[in-house]
Every structure is written in C-alpha cells, then in structure tokens.
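Q: My questions concern the predicted model and sequence given below.
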Amino acid sequence: MKDEEAPAPTLTPAAVRRRFTAAAWGSAIAWPVLTAAVTPVLLWWLDIGWDELATADFAAAGLLPLAPVLLYFAVDAARTVRKEQQDVAESARELVGAVHAADGRRDLSFAARHFGNTLLGASTAFNTRVLPRRTTRAFARQVVREADGDGLSTSSLNVVTDLARMAA
C-alpha cells in the first residue's frame, strides 16, 4: 500500500524573503570556506610547507592577490542570488498586473506560468535551489490552476502581491 504524501506547507512571502537572505549570505560565505578547505590539499600538491606559507614574501606575493579575487567571487555569488530575487519579484509584478488588467485570460495564464517557472528556477551561484521544491511546486501549480480557472483567489493574490514588493 502506498503512503499518501503529506500536504506541502504553505509558501509565505516572509519565508521566501528569509530563504533568499539565507541563500545570499550562504553563497557569499561559501567562497572563503571552500578556499580554506582546498588550501591544505593545494599546498600539499604544490609541495609548499606551512612554514614557507607563513613567510612575509609568500604572503605578499601569494596571499595578498588572492584576497580581492575571493572578495569578488563572494560578492558575485550574493549578487547572483539577489538577481534571482529580483526576477521573482518582477514576475510577481507581471502576474499582479495581468490580474488587474482587463486584456484577457491568455495574459493571465502566461504570467502565472512564468511566475511559477521563475519561482521553481530560483537558484544560487552554486546551482542549488533557493526555495523548497515541493512547497514551491505546489504553490506554482495552485497559481496556474487558479489563473486558468476563474482567476487568482484572494489569498494567492495577497501572497503574489507581497512577493512583488520584495526589496532586492
């Protein structure tokens, strides 16, 4: 007998904001952590001892140029997550605009599908998902189903409107 899946938790704007903030900080912190993890292996491979690493000449020639590069990668990783957040907010604004426009169902359906795809595609610089897959997929399906039906429900429209106001 197959177990029934538990219903997916609801997707709230506050949870989405928290996820994007955590993803931005996590992506920025990951570069220094990865560098610290790879350094011993790289030093072993290059046959450089810890005593040689501690000299002032090596620090000036080898470590000083690494700091700006590491900072650039950390900032770029955070910038990538913020770009994904802006994309989600922009697609939410398009969906809200399509709901309020009297153009027809075709634009609403297209905007709902685009919004769902943008939510599901949000990822970090390390190609990891920002939002939980099951919850996001359930919410995206709900929005598309409502858009194809009688229009978005008040609760879905409130969530999408709050996501459209996400500060990026």
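A: Yes, it's here. Residues are numbered from 1 along each chain as shown.

Q: Against residue 81, how distant is residue 19?
A: Going from residue 19 to residue 81 by C-beta to C-beta, to the nearest Å gives 10 Å. (Each C-beta comes from the backbone N, C-alpha and C, glycine too.)

Q: Sorry, slip of the keys, the one I care about is residue 122.
A: Residue 122 is 8 Å from residue 81, by C-beta to C-beta.

Q: which one of these two has more residues nearby?
A: For residue 122 versus residue 81, neighbours defined as other C-beta atoms under 10 Å are more numerous around residue 81 (26 against 21).

Q: Which pLDDT value goes with the more buried one?
A: We have a pLDDT of 92 for residue 81.

Q: That one - that's part of a helix, no?
A: Yes: secondary structure of residue 81 (DSSP: H, G, I helix; E, B strand; the rest coil): part of a helix.

Q: so who does it touch?
A: 20, 23, 24, 27, 124, 125, 130 (C-beta atoms under 8 Å, 6 or more residues apart in numbering).

Q: Equivalent analysis for residue 117, please.
A: So residue 117 contacts residue 140 (C-beta under 8 Å, 6+ apart).

Q: Now the common contact residues for residue 19 and residue 81.
A: Joint contacts of residue 19 and residue 81 (C-beta under 8 Å, 6+ apart) are residue 130.

Q: Residue 156 - how many residues pack around it?
A: Residue 156 has 20 nearby residues by other C-beta under 10 Å.

Q: Let me know whether it touches residue 144 as I believe.
A: No: Residue 156 is not in contact with residue 144 according to C-beta atoms under 8 Å; the separation is 10.4 Å.

Q: returning to what we had before: now, which of the contacts of residue 81 lie within helices?
A: Under the assignment DSSP state H, these contribute 20, 23, 24, 27 to helices.

Q: how about TSV for those residues, with pLDDT added?
A: Shown next, in TSV, are those (pLDDT from 0 to 100):
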residue	pLDDT
20	92
23	92
24	92
27	90
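
Q: Between those residues, identify the one with the most neighbours.
A: residue 23 (26 neighbours).

Q: how close does residue 100 sit to residue 144?
A: From residue 100 to residue 144 the distance is 18 Å (C-beta to C-beta).

Q: Sweet, I'm off.
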